[in-house]
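>>> Sequence below, structure please.
(chains A and B)
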Amino acid sequence: MHDVRSAPARLLVADDNKVNRLLLTRSLELQGHTVASAMNGREALEMLRTGNYDLLLLDMEMPEMDGFQVLEALAGDHKLRGLPVIVTSSLEGIESVVRCIELGAEDYLPKPVNPVLLKARLGASLEKKRLRDQQQELVRRFATSEVAQDLQQSGFTLGGRRVEGTVMFSDIRGFTKLAETQPPEATIEMLNTYYTLMFDAITGHGGVVNQMVGDGLMAIFGAPLPLPDHPARAVEAAREMIDLMALFNEQQAAESKPVIEIGIGIASGTMVAGYTGTNQRATYTCVGDTVNLAARLESHTKVAQRSILIDSATRAVLGDRIAVEPLGAVAIKGKEAPVEIFAVAAGKAPR
Amino acid sequence: MAAAAIDVPTFRTLEEAAGAEFVGELVDTFLEEAPAMIGGLQAAMAGGDAEAFRRIAHSLKSNANTFGAQALGLLARELELAGLDRVLAQEADPLANLMAEYGRVAEALAALRHA
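Numbering: from 1, shown residues only, chains lettered A, B, ... in the order given. Sure thing, here's the model as predicted:
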């Protein structure tokens, strides 16, 4: 089997001392890696910023810019933050080694560098980087690019911030019955098509789908990245979703397959956005009154016999751009006073 | 008899790991660089540049240890840890021992290199 630990990597050696630089480069080349070298910290940073490296082997004592300064600069550079660094130095005193690790160095190898130890530490660091890259790729695939970008820039912390946004809930009506009347494979295939269409409409208008539960989904407009005019964009997305479902249903009917009806609830306002869960498993989501209201409006679509229901805050932003039908004040679970709600006509939304 | 300037097993291990021919070239590089490093120490003493003094002593220590020049490594380490102020306070020439030891190391390395 291919051993990732011995896979060739692109390495950068930073050391001001020629003997050290040559020897380390040689040891690494003998292990099959491609090695470039820099004579001081400043040069190393320039090379890292313009080139493509898997790992940096860093001496601490260097003129112009020493190893500590390089570690600090790397930590502040969101592109280079993930680059593994192995410090190779003959530092005096454990405090210096601790400081390196605290500044983000992956490992410390005392000089003269023992080649066997070097190989083992290098392999472990590269393997860790490979796993981190893989993780990042997974985050990208499962968390939407906005959330992935937010994670990369601000790092992962459980905890929220207050944002202005619009929340959308969408659900298939009578899904349980649907699932009972057809084979499971057909249900999954239908769900996949449904999700593909809904994702397309939502992301096409700048929204982020952040939860999918069975046949329902939750989307956020305006977080984690700010989005101008988010209430109108959410409504446009909803209209497109209804249009797409109509097309989908025509096709289903033509094949004598069940049709899907969806209900959409939209509310705008302040919400708390952030990663919730535990450090092992967390999801980006929004919580608060606005979110609850959107969920209630979605379930109210069955009662109101309308496809899209919005709250007054969303309505206020729309102005005359989209025709709405006032449905008056309605008692909503969890709200003390009745809430003004509006229906948005489905029908061809301009793309 | 004084201890050998170079610990031969350390030197041979280096040759095994990096290749004898390469180590020969590395010795040449060290013999070229070391006089400039000693010159750098003298300049740092003259100019009162404590940071450069410590850094060069550190480099010299590291190189000496690489080749198994243990006594030279210890002398360089003493300079690194003492710092420029304490070195300058000494009555005797602070670099005399280091330079003498370097002479022995250079001879031993040149001999090993051609062995």
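>>> for residue A:311, what are its contacts?
Each residue near residue A:311 by CB atoms under 8 Å, 6 or more residues apart in numbering or on different chains is listed here: A:266-269, A:293-294, A:297, A:339-342. Yep, even glycine has a C-beta here, placed from its N, CA and C like the rest.
>>> and it, bridged to which residues?
residue A:341 (DSSP bridges).
>>> before we move on, back to that, from the contacts of residue A:311, which ones fall inside strands?
The strands, defined by DSSP state E, take in A:266-269, A:339-342 from the contacts of residue A:311.
>>> Tell me the one among those nearest to chain B.
The closest of the ones in strands among the contacts of residue A:311 to chain B turns out to be residue A:269 (CB to the nearest CB; 57.8 Å).
>>> tally of neighbours for the closest one?
The local packing of residue A:269 (other CB atoms under 10 Å in any protein chain shown) involves 19 other residues.
>>> repeat for residue B:20
Counted with other CB under 10 Å, the neighbours of residue B:20 add up to 12.
>>> got it, and the one 5 residues further on?
With neighbours defined by other CB under 10 Å, the count for residue B:25 comes to 14.
>>> Quick check: chain neighbours aside, which residue is closest to it?
residue A:22 (7.8 Å; CB to CB, 6 or more residues apart in numbering or on different chains).
>>> Quick check: pLDDT value at residue 56.
Since no chain was named, I'll use chain A. The score at residue A:56 is 96. That number is its pLDDT.
>>> please go with chain B instead
94.
>>> With residue A:79 as the reference, measure out to the closest residue to it other than its chain neighbours.
Counting by CB to CB, 6+ apart, the nearest residue to residue B:56 once its immediate chain neighbours are dropped is residue B:40, at 4.6 Å. The gap separating residue B:40 from residue A:79 is 36 Å, by CB to CB, to the nearest Å.
>>> Give the residue from the two that has the larger number of neighbours.
residue B:40 (19 against 10).
>>> check which helix or strand covers that one.
helix B:20-47 (DSSP states H and E).
>>> The helix or strand that that helix is followed by versus helix B:20-47: what angle between them?
Toward the C-terminus, helix B:20-47 is succeeded by helix B:50-67 as the next helix or strand (DSSP H and E). Interaxial angle, helix B:50-67 versus helix B:20-47 (axes from the mean of the first three to the mean of the last three CA atoms, to 10 degrees): 160 degrees.
>>> rewinding a little: could you identify the buried members of the contacts of residue A:311?
The neighbour-count test (16 or more other CB atoms under 10 Å in any protein chain shown) applied to the contacts of residue A:311 identifies A:266-269, A:293-294, A:297, A:339, A:341-342 as buried.
>>> how about the residue nearest to residue A:79 when sequence neighbours are not counted, secondary structure?
In this structure, residue A:79 finds its nearest non-sequential neighbour in residue A:49, 7.8 Å apart by CB to CB, 6+ apart. The three-state label given to residue A:49 by DSSP: H, G, I helix; E, B strand; the rest coil is helix.
>>> just for the chain, where's the confidence low?
By default, I'm working from chain A. Applying pLDDT under 70 to chain A flags the ranges A:1-6, A:136-160, A:276-283, A:347-351.
>>> my question was about chain B
Using pLDDT under 70, the flagged stretches of chain B are B:1-3, B:114-115.
>>> Flag every residue of it that's near chain A.
Listed as neighbours of chain A in chain B under the rule CB under 8 Å from any CB of the partner chain: B:14, B:17-19, B:22, B:25-26, B:29-30, B:33, B:52, B:55, B:58-59, B:61-63, B:65-66, B:77, B:80-81.
>>> and the helix or strand containing residue A:56 with chain B, contact?
In this assignment (DSSP H and E), residue A:56 forms part of strand A:55-58. No: shown here: strand A:55-58 not in contact with chain B (CB under 8 Å from any CB), separated by at least 14.0 Å.
>>> Paired strands for that strand, with orientation please.
Counting by DSSP bridges, strand A:55-58 is paired with strand A:10-14 (parallel), strand A:85-89 (parallel).
>>> Convert the C-alpha atoms of that strand to CSV, please.
Provided in CSV are the C-alpha atoms of strand A:55-58 (Å, rounded to 0.1, in the frame of the first residue of the first chain):
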residue,chain,number,x,y,z
LEU,A,55,6.1,22.3,5.6
LEU,A,56,8.7,24.8,6.9
LEU,A,57,11.8,23.7,8.8
LEU,A,58,12.7,26.8,10.8
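>>> Residue A:225: what secondary structure?
coil.
>>> what separates it from residue A:76, distance-wise?
Distance from residue A:225 to residue A:76, by CB to CB: 22 Å.
>>> Neighbour count for those two, which is higher?
The residue with more neighbours, out of residue A:225 and residue A:76, is residue A:225; 13 against 9, by other CB under 10 Å.
>>> distance of that one from chain B?
To chain B, residue A:225 is 45 Å away according to CB to the nearest CB, to the nearest Å.
>>> before we move on, could you check phi and psi at that residue?
phi -100, psi 140 (degrees, to the nearest 10).
>>> re the thing from before, let me have the strands paired with strand A:55-58 in JSON lines, extended by mean neighbour count and distance to residue A:254.
Output for those, formatted as JSON lines (neighbours: other CB atoms under 10 Å in any protein chain shown; distance: least, CB to CB, whole Å):
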{"stretch": "strand A:10-14", "mean neighbour count": "22", "distance to residue A:254": "55"}
{"stretch": "strand A:85-89", "mean neighbour count": "24", "distance to residue A:254": "60"}
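>>> What is the burial count for residue 53?
You didn't say which chain, so I picked chain A. Around residue A:53 there are 18 residues (other CB under 10 Å).
>>> Not quite, go with chain B.
25.
>>> Please consider this matter closed, and thank you.
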